[in-house]
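[1] Model the following, please.
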Amino acid sequence: MTKEKLHFGRYDYACFCAFIMYSVCSLAIPLMIVSMGNDLHFPLDKGGMGYGGFLHIVRSLFMLGALLICGFVAAKLGKRILTGTSLVLFGLGMTGCAFTTQYWMLLPCLILAGTGEGFCEGIATPVVQDLHPEAPERYVNITHAFWSVGIFVAVLLAGGLIALGVNWRQVMGIIGVLTILASILFLWKENPRKKFPEVRENVDYKELWERSKFIFRQKRFWLCAAAMFFGAGAEFGITFWSAAFIELTFQTSVFVAGLGTAAIAVGMFLGRTFFGYIAKPQNLRYILIGASFSTIPLTLLLAFLSPGVLPQTAHFIVLFITLFLCGIGIAPYWPTTQVYGVNSLPECDSTLLYVYYSALGIPGCGFFTFLMGFAGDHFGLRGTVLVVPVCLLIFAGIIYYECWIRSGREKTSEEC
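    Got it, this is the predicted structure:
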């Protein structure tokens with residue numbers, strides 16, 4: 001049976017832009033963190049990696065808080081307005097970072113940015129679901145691919161401008177303004193003939209809470225949520241620290257280091273686009289487990305690459321190819337795990353499921369980003385990289401248990 005042709009409209013392109021700018025804002029600090037550390041007195045090569053990781057802990061906590069109330073706010077305002085507002089919030093947070101002069105001043109800016117990113121993370125995927133209820137597994141993967149486009153844009157914009165001598169504050173300000181402008185695609189007046197298919201139910205907070213409690217009583221929810229936690233840690237951990245890892249280990253410029261992150265981004269884009277094209281409800285488990293086991297040896301290889309092992313040119317070729325393949329491998333973790341978890345619980349509210357899965361994924365990003373920074377300060381940069389394959393192994397184990405062992409016991413494996 002042939003698949004129907006993909007079709008996109010205004011709000012699809014708005015979602016593409018939202019994921020691009022969300023990604024750019026998330027990666028702006030990792031790409032510039034060495035420059036920021038030197039300027040704001042927490043140099044990474046002198047024990048400042050933990051401080052860098054703590055920034056994302058703070059950001060993640062407020063992302064989590066926003067995610068937990070996201071479903072309630074969306075029921076009141078509507079998903080379109082909330083998504084546009086979220087872009088304004090984290091755009092303002094990035095703009096504020098441009099004016100900081102001390103480390104502690106970054107924290108309130110990241111609180112604002114994290115709140116906006118939490119709303120965006122929680123509601124953007126349900127927006128795609130509302131736009132394409134006939135095949136969400138295809139459109140969700142393709143839309144999430146634009147997160148990877150954002151990484152590539154961040155490398156070209158942030159890394160390129162800094163390499164040309166532009167101060168990181170100016171780059172951060174440009175990113176913030178562009179993010180606010182992107183919100184117009186959601187907030188601008190709608191075409192009466194092509195309105196967003198807003199699912200506005202007359203549901204009170206008590207009813208939403210009852211739906212939430214029903215979700216929390218499902219053991220499958222907690223298994224998929226645990227998978228989100230470790231999968232997100234692997235995906236964002238390697239994305240966050242790759243530029244600093246390359247810059248400090250191989251003494252390169254921020255632009256060359258950023259190319260390593262760009263290699264991951266290209267791999268993620270191609271991976272998510274490919275997985276989005278081939279994804280079917282019955283093969284999501286194979287995609288997730290296959291991607292995990294194929295990526296583990298690649299991330300282990302990164303830990304053993306160091307200056308002097310190979311000639312310089314050959315070394316960077318191997319490094320960038322490995323990062324590219326890692327990008328393909330980590331591509332399906334976030335979007336495909338979410339869709340897999342929603343498909344596993346058809347009796348539950350899908351919008352709330354997306355929100356709560358993200359709410360468990362975001363702490364994974366923050367915790368493992370901080371853990372990798374801590375490991376880097378105490379055990380060297382190789383210790384930082386080794387966190388990733390451990391996450392992948394646990395992730396694969398959870399998916400295997402949830403789908404084959406648990407489902408086999410319940411005699412419902414056909415629902416996987």
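
[2] ok, then the element right after the helix or strand hosting residue 82?
    If you go by DSSP states H and E, residue 82 is part of helix 79-97. Next along the chain after helix 79-97, taking DSSP H and E as the criterion, comes helix 106-131.

[3] What is that following helix packed up against?
    Here helix 106-131 touches helix 10-39, helix 49-77, helix 79-97, helix 136-154, helix 350-379, going by 3 or more CB pairs under 8 Å, 6 or more residues apart in numbering; DSSP states H and E. No exception for glycine: its C-beta is placed from N, CA and C like everyone else's.

[4] Now do the third one against helix 350-379: the angle between them, please.
    With axes from the mean of the first three to the mean of the last three CA atoms, to 10 degrees defining the directions, helix 79-97 sits at 20 degrees from helix 350-379.

[5] same question, the second one
    For the pair helix 49-77 and helix 350-379, the angle between their directions (the same axes, to 10 degrees) equals 170 degrees.

[6] now helix 49-77, how far from the chain's geometric center?
    Distance of helix 49-77 from its chain centroid, counting by CA atoms, centre = their mean, to the nearest Å, is 13 Å.

[7] Does residue 7 belong to a helix, a strand or coil?
    Here residue 7 is coil, with the state taken from DSSP: H, G, I helix; E, B strand; the rest coil.

[8] confidence score at it?
    On the pLDDT scale, residue 7 is placed at 76.

[9] just residue 196 next, same as before
    69.

[10] try residue 149
    81.

[11] where's it relative to residue 302, distance?
    Per CB to CB, to the nearest Å, residue 149 is found 23 Å from residue 302.

[12] What count of nearby residues applies to the residue lying closest to residue 101 once chain neighbours are set aside?
    Leaving aside its chain neighbours, residue 101 sits nearest to residue 40 (7.6 Å; criterion: CB to CB, 6 or more residues apart in numbering). By the measure other CB atoms under 10 Å, the count of residues near residue 40 is 19.

[13] per-residue confidence for residue 40?
    84.

[14] Tabulate the helices and strands packed on helix 106-131 (JSON lines), appending mean neighbour count and distance to residue 291.
    Below are the helices and strands packed on helix 106-131 laid out as JSON lines (neighbours: other CB atoms under 10 Å; distance: least, CB to CB, whole Å):
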{"stretch": "helix 10-39", "mean neighbour count": "23", "distance to residue 291": "20"}
{"stretch": "helix 49-77", "mean neighbour count": "22", "distance to residue 291": "24"}
{"stretch": "helix 79-97", "mean neighbour count": "23", "distance to residue 291": "28"}
{"stretch": "helix 136-154", "mean neighbour count": "25", "distance to residue 291": "12"}
{"stretch": "helix 350-379", "mean neighbour count": "24", "distance to residue 291": "16"}
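
[15] If you average pLDDT over each of those helices, which is lowest?
    Among the helices and strands packed on helix 106-131, helix 136-154 scores lowest, with a mean of 77.

[16] on that earlier part again, out of the helices and strands packed on helix 106-131, the one nearest residue 269 is which?
    For residue 269, the closest of those is helix 136-154, at 3.7 Å, according to CB to CB.

[17] mind exporting the closest one as PDB, just the C-alpha atoms?
    C-alpha atoms of helix 136-154 as PDB (Å, rounded to 0.1, in the frame of the first residue of the first chain):
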ATOM      1  CA  PRO A 136       1.100  11.900  13.000                       C
ATOM      2  CA  GLU A 137       4.000   9.500  13.100                       C
ATOM      3  CA  ARG A 138       5.100  10.900   9.700                       C
ATOM      4  CA  TYR A 139       4.600  14.600  10.300                       C
ATOM      5  CA  VAL A 140       5.900  14.600  13.800                       C
ATOM      6  CA  ASN A 141       9.300  13.100  12.700                       C
ATOM      7  CA  ILE A 142       9.600  15.500   9.800                       C
ATOM      8  CA  THR A 143       8.700  18.500  11.900                       C
ATOM      9  CA  HIS A 144      11.200  17.500  14.600                       C
ATOM     10  CA  ALA A 145      13.800  17.300  11.800                       C
ATOM     11  CA  PHE A 146      13.800  21.100  11.700                       C
ATOM     12  CA  TRP A 147      15.300  21.000  15.200                       C
ATOM     13  CA  SER A 148      18.400  19.800  13.400                       C
ATOM     14  CA  VAL A 149      18.100  22.500  10.800                       C
ATOM     15  CA  GLY A 150      18.200  24.900  13.800                       C
ATOM     16  CA  ILE A 151      21.400  23.400  15.000                       C
ATOM     17  CA  PHE A 152      23.000  23.900  11.600                       C
ATOM     18  CA  VAL A 153      21.800  27.500  11.500                       C
ATOM     19  CA  ALA A 154      23.100  28.100  15.000                       C
END
